[in-house]
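J.: The sequence and its predicted three-dimensional model are supplied below.
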Amino acid sequence: MKLNLKKSNYFKDFILVVQGIAMGAANKVPGVSGGVVALVGGFYETLIFSFQRFNLKALKFLLNRKFKSFWRYVNGRFLTLLFSGVVISYFSVSLLLDYLLSNYETLVLGSFFGMIIGSLYLVITRVRIWKTSTRVLLLLGLSFGLLISYLRPVAENDQLYFVFFCGIISVSGMTIPGLSGSFLLLILGNYNLLLVDAVNALFLVLSDIIFLNFDSLSNPIIQRLLVIIFVFTIGSLSGLILFSNILKWVLKKFPEQTLSAIVGFISGTLILVYPWRKKVLLYDDNGSLIINASGNPMFSNYNYYYPDFKDFETYGVFLTIILGISLLFLLNYYDKKRTN
């Protein structure tokens, strides 16, 4: 009997790591929120309540060297397994996503579009009572989502105070379902700097250190990127603590209203992963394409268009949308079966 229990626990741990990988992948794609993965996966409230435990009481445990008490208090096992998956994702699935988005963007967006449509349905079914307050918040969430969706990106900024602010903003996608942290970084102009250049620099350094090669650490560009990712990480941790404490109170006080606002917000930001679109590139007064500090072309927004049914790829996109919806419902079915 004990052996079966251990196997069950190991399997649950494995699933939690996989969910972390899914969150990391979702956070990497502009327009997709890792918080939606947590919400549909059934561990959103556990995640928020674990984050808000990083407070003065937790600090007191650390200062008094009560490490076991600290570990239990902050739900350390849950967070470690989940964020192991997120870290694995950033150095594996996220790199694959970069490639796929560069070469098959429409098909990739189709799959995420389907997943978000599926998540919308699942979140709507969790709102048990529709009354005036929930309907009003649904409309407010929709309006705010649309407003965010049509903001224009600004120029890249590597000043450390701004990088810290970006860190705070980036975790919104993990704590607030529907709010894409990566898209907000895109709007703030630092998506490539923080989620591509800095992550790749860290990966390069760690890869070199494994083989006892420290040459990359003497590169001034690498040094700067390492400082940037450190400040970004501190900002992200600060944001997690800030947002989680706010959301804990909101979820306890107004659960139905919070879910309805999330439904509205996800609906408003759905346009961000609409597959049939083209970038509107930015040009200067001389007609030259504007390139950011990372060497990538700047763009102001997207032109959206209806699917062309004469194009064979259109049917491929519809297939990925159906696969995205099916995958989400399959995961939700498994989660319900596992918890019952």
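T.: Thanks, I have the structure now.
J.: Give me the buried positions along the longest helix along the chain.
T.: Using DSSP state H to define each element, the chain has its longest helix at helix 220-253. When neighbours are counted by 16 or more other Cβ atoms under 10 Å, the buried residues of helix 220-253 are found to be 222, 225-226, 228-229, 231-233, 235-236, 238-245, 247-248, 251. Yep, even glycine has a C-beta here, placed from its N, CA and C like the rest.
J.: Which pLDDT value belongs to residue 243?
T.: According to the model's per-residue confidence, residue 243 sits at a pLDDT of 82.
J.: Let me know how buried the residue nearest to it when sequence neighbours are not counted is, in neighbour terms.
T.: What sits nearest to residue 243 in space, not counting adjacent residues and going by Cβ to Cβ, 6 or more residues apart in numbering, is residue 175, at 4.2 Å. By the criterion of other Cβ atoms under 10 Å, residue 175 has 23 neighbours.
J.: where in the chain is pLDDT low?
T.: Low-confidence regions of the chain, defined here as pLDDT under 70, cover residues 1-8, 30-31, 153, 173, 178, 292-301, 334-340.
J.: how near is the residue nearest to residue 243 to residue 28?
T.: Distance of residue 175 to residue 28, given as Cβ to Cβ, to the nearest Å: 16 Å.
J.: how far away is residue 70 from residue 85?
T.: When residue 70 is compared with residue 85 (using Cβ to Cβ), they lie 22 Å apart.
J.: Who has more neighbours out of the two?
T.: Each of residue 70 and residue 85 has its neighbours counted (other Cβ under 10 Å); residue 85 has more, 23 against 20.
J.: Thought residue 25 was touching the more buried one, still the case?
T.: No - with contact defined as Cβ atoms under 8 Å, residue 85 does not count as touching residue 25 (9.6 Å).
J.: excluding its backbone neighbours, what's nearest residue 133?
T.: Leaving out its chain neighbours, residue 133 is closest to residue 257 (Cβ to Cβ, 6+ apart), at 5.4 Å.
J.: so who does that neighbour touch?
T.: Contact analysis of residue 257 by Cβ atoms under 8 Å, 6 or more residues apart in numbering lists 133, 134, 137.
J.: Which members of the residues you listed occur in helices, if any?
T.: Counting by DSSP H, the contacts of residue 257 place 133, 134, 137 in helices.
J.: How much space separates the closest residue to the second one other than its chain neighbours from residue 49?
T.: If the residues on either side of it in the chain are set aside, residue 134 comes closest to residue 260, at 4.0 Å by Cβ to Cβ, 6+ apart. In this structure, residue 260 and residue 49 are separated by 21 Å, where distance is defined by Cβ to Cβ.
J.: which parts of stretch 143-160 are buried?
T.: Using 16+ other Cβ under 10 Å, the residues of stretch 143-160 that count as buried are 144, 145, 146, 148, 149, 153, 156, 158.
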